[in-house]
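Visitor: The following comprises the amino acid sequence and a computationally predicted model.
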Amino acid sequence: MTENRLARETSPYLRQHRNNPVDWYPWGREALSRARRENKPILLSVGYAACHWCHVMAHESFESAEIAARMNADFINIKVDREERPDLDSLYQTALALTGQQGGWPLTMFLTPDGAPFWGGTYFPPAPRYGRPGFGQVLEKIAEVYRSDPASISQNRVHLGAALRRAFALQPGEIAPDMLERAAAQALPLIDWRNGGLTGAPKFPQPVLFSFLWHQYKYQGNEKCRDAVLLTLARVSQGGIYDHLGGGYARYTVDDRWLVPHFEKMLYDNAQILSLLLDAWRETANPLFRHRIYETVNWLLGPMLCAGGAFAASFDADSEGEEGRYYVWNEREIDTLLGADAALFKAHYDVTPSGNWDGHTILNRLASPASTPQEEDRLAAARSRLLDARAGRVPPARDDKILADWNGLMIAPLAEAAAAFGEDAWLDAAEAAFRFIQKEMARGERLSHSYCGGRKLESDMVEDYGAMGLAALSLFEVTGQGDYLDAAEAWAATAKTYFEDPAGGFHQSPSDAADVFLRARNATDHAVPSGNTLIARLFARLHHLTLKESYRSAAERTLNAFATALREEPLSSTGLLSVFSDLLHAPQIVVIGENQGPWRRALFNLSLPGRSLRFVDMPGILPEGHPLRETQVQSGQTVAFLCRGEQCSLPLARPADLPGALFPDHPKG
């Protein structure tokens, strides 16, 4: 079978399409030049390896000789992995939204030869169904209009281009503290107080929003915000969205109870959920959260670990051509494998003769009865037997692409969980992943966004510098090694050089990107925090650690660049609101003295979102200008100070004094 150009690409998703009869190009100069030379429209298809409907459209349309012939005759066909080029995905998803359509994947956009969008959609069936036109009809109509009515195409191009520029235009102002309470007040009525998460279906974990609510609890004492987070974490941790045998959370569920997932597992979801679980466990000591932390990390350090130490992007939803086949069970299998323990397991994991999804059973504990410690031991042994049996099935495909930003999102909570639980192997893993990206994905002062199969892409995104800078700061706080702080400061400087707009905010693509129609600049959080959220958080934490006013100014400029949007639609950018909360409330805690062990244990077991930690043997090690640099500490004594800006507290003599000093206005728990 003849392979197309995608066979040479690094992305596993692109290589999945190497045997399509479609004359695919990767995004780049060759495809764009040919489109201009032949004056043909571009058919842009954006997806990712773990996307179920991407696979469906590929099998139905891109493997069809008839449809491929039409694509090849009338279009320049470009395939993009949205995980390799999130800037392109963001740009064209925004364009689709501006036409009044709901975005998603696969994204199907039609562009003029210069890359400007003029029409699009998402999934199209090969023939009309689901209320959607057939893909063949779409291709025929677009090609006809492009040939016979260029004025219409030009009008759409100009209209969408102007709308995109307005969407990415800044509406600066001044961010104000009342925005935090207003955002929380808008979010709480949307909470599903029975099932957790937001009301309705499909249901996504929404970690950026719930992290903001946790900030509101910790620094404003809003206990409804705490309840929303704890309920959501408990329900997702017992639902079918969680893999009760192998660990790890799926991307979302199609129902409102967290029962039926699309079974793909993404690194970024698990990174952010791990961070929230860690805060929740620190606050409550709930054993459920501890178990899910350990199980998720075991999954991370097992099938998600790539050669060299970094983490893979995702696992597919499908195996053997069926969604969820690897994960679901039937009652007969459970009875055969578990024998005398089957009845207990079935009662706790919702196993019935008819199943709970399309005749199969998705394991969950949403209605699990109370259990004794002895029963939990039997259930754990049963899960282990089922996991061993599942290992004999054909597993979903792993996308072993290494993404700098997603790895950064995971390295930070993994390092902090290592410190909280005293798990040295977890810290070793976090440092190994960091070193891999720092060494193998570097291009001078720049990072590559993506690496796979020994090759790195020559593209970078602002979120790479934000996420990896924050990972460096977490490692600095856990290990005390100054090289990590140096790396964070260097990446912050690179982000300012190549991504900052003089008018405010940061673009997703660098200033030297030559292959984008328009550089996207927004602060809207989706499944991951926006690039502006991550880079503003990096500057805020660098300010707290170094007290350099330039870092605070950079964070505030970024916040103020989006102030109008934050006031008008606060729930679209709760990540930036969390950064603002950090600037206002998050403490810097400085521990001075040689007996730091008890203080480290205490601090890494406190939920302190946005805080910064410095552990030094003597005050003179602190940065020039730090208010504690000249402080006298008695020999043999170790004390802690709480600092906000230039003001520091009196010394705290015991770790037990920390909670009362940090949160005098509301009780722990």
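Guide: Structure's in. What do you need?
Visitor: partners of the host helix or strand of residue 118, with directions?
Guide: Assigned by DSSP states H and E, residue 118 belongs to strand 117-121. Counting by DSSP bridges, the strands paired with strand 117-121 are strand 107-111 (antiparallel).
Visitor: now residue 74: how far from residue 2?
Guide: Here the criterion is Cβ to Cβ, to the nearest Å. By it, residue 74 lies 21 Å from residue 2. All C-beta atoms are positioned from the backbone trio N, CA, C, and that covers glycine.
Visitor: Mind checking which of these two has more residues around it?
Guide: residue 74 (18 against 7; other Cβ atoms under 10 Å).
Visitor: Isn't that one up against residue 41?
Guide: Yes: counting by Cβ atoms under 8 Å, residue 41 is a contact partner of residue 74 at 7.5 Å.
Visitor: Which residues are in contact with each of those two?
Guide: Shared contacts of residue 74 and residue 41, defined by Cβ atoms under 8 Å, 6 or more residues apart in numbering, comprise 142-143, 146.
Visitor: tell me which of these is nearest to residue 59?
Guide: Taking Cβ to Cβ as the measure, residue 59 sits nearest to residue 142 out of the shared contacts of residue 74 and residue 41, at 22.0 Å.
Visitor: how close does the closest residue to that closest one other than its chain neighbours get to residue 141?
Guide: Computed as Cβ to Cβ, 6 or more residues apart in numbering, the closest residue to residue 142 that is not its neighbour in sequence is residue 110, at 5.4 Å. Distance, residue 110 to residue 141, by Cβ to Cβ: 10 Å.
Visitor: between those two, who's got more neighbours?
Guide: Each of residue 110 and residue 141 has its neighbours counted (other Cβ under 10 Å); residue 110 has more, 22 against 12.
Visitor: Would you confirm that the more buried one contacts residue 116?
Guide: No: here residue 110 lies out of contact with residue 116, judged by Cβ under 8 Å, at a distance of 10.2 Å.
Visitor: what's residue 522 in contact with, if anything?
Guide: Counted by Cβ under 8 Å, 6+ apart, residue 522 has contacts 90, 94, 167-168, 508, 530, 532.
Visitor: now do residue 401
Guide: So residue 401 contacts 10-13, 49, 81, 83-84, 312-313, 450-452 (Cβ under 8 Å, 6+ apart).
Visitor: excluding its backbone neighbours, what's nearest residue 646?
Guide: Spatially, and ignoring its direct neighbours in sequence, residue 646 is nearest to residue 627 (5.4 Å; Cβ to Cβ, 6+ apart).
Visitor: In contact with that neighbour, which residues are there?
Guide: Residues near residue 627 by Cβ under 8 Å, 6+ apart: 547, 643, 646-648.
Visitor: coming back round to it: immediately after the strand holding residue 118, which helix or strand?
Guide: helix 135-148.
Visitor: what packs against that next one?
Guide: helix 65-74, helix 150-168 (3 or more Cβ pairs under 8 Å, 6 or more residues apart in numbering; DSSP states H and E).
Visitor: Now do the longest one against helix 135-148, angle only.
Guide: I take that to be helix 150-168. 110 degrees (axes from the mean of the first three to the mean of the last three Cα atoms, to 10 degrees).
Visitor: do the same with the first one
Guide: Between the axes of helix 65-74 and helix 135-148, defined by the same axes, to 10 degrees, the angle is 20 degrees.
Visitor: Number the chain from 737, please
Guide: With 737 as the first residue, the last one maps to helix 801-810.
Visitor: Measure how far helix 801-810 is from the centre of its chain, please.
Guide: 36 Å (Cα atoms, centre = their mean, to the nearest Å).
Visitor: Which parts of it count as buried, going by neighbours?
Guide: 803-804, 806-807, 810 (16 or more other Cβ atoms under 10 Å).
Visitor: Serialize those to CSV and add fields for pLDDT and distance to residue 1001.
Guide: Listed next are the buried residues of helix 801-810 as CSV, based on pLDDT from 0 to 100; distance: Cβ to Cβ, whole Å:
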residue, pLDDT, distance to residue 1001
803, 97, 31
804, 97, 31
806, 97, 35
807, 98, 32
810, 97, 38
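Visitor: is it possible to export these to CSV including distance to residue 987?
Guide: Below are these laid out as CSV (distance: Cβ to Cβ, whole Å):
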residue, distance to residue 987
803, 28
804, 29
806, 32
807, 29
810, 34
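Visitor: which among those gets closest to residue 864?
Guide: Using Cβ to Cβ, residue 803 comes nearest to residue 864 of these, at 13.8 Å.
Visitor: Contact partners for the closest one?
Guide: 797, 862, 871-872, 875.
Visitor: likewise residue 928?
Guide: With contact taken as Cβ under 8 Å, 6+ apart, residue 928 is in contact with 934-936, 992.
Visitor: Show the buried residues in these.
Guide: Buried members of these, scored by 16+ other Cβ under 10 Å, are 934, 992.
Visitor: and which of the contacts of residue 803 is nearest residue 1203?
Guide: Nearest to residue 1203 out of the contacts of residue 803 is residue 797 (Cβ to Cβ; 34.7 Å).
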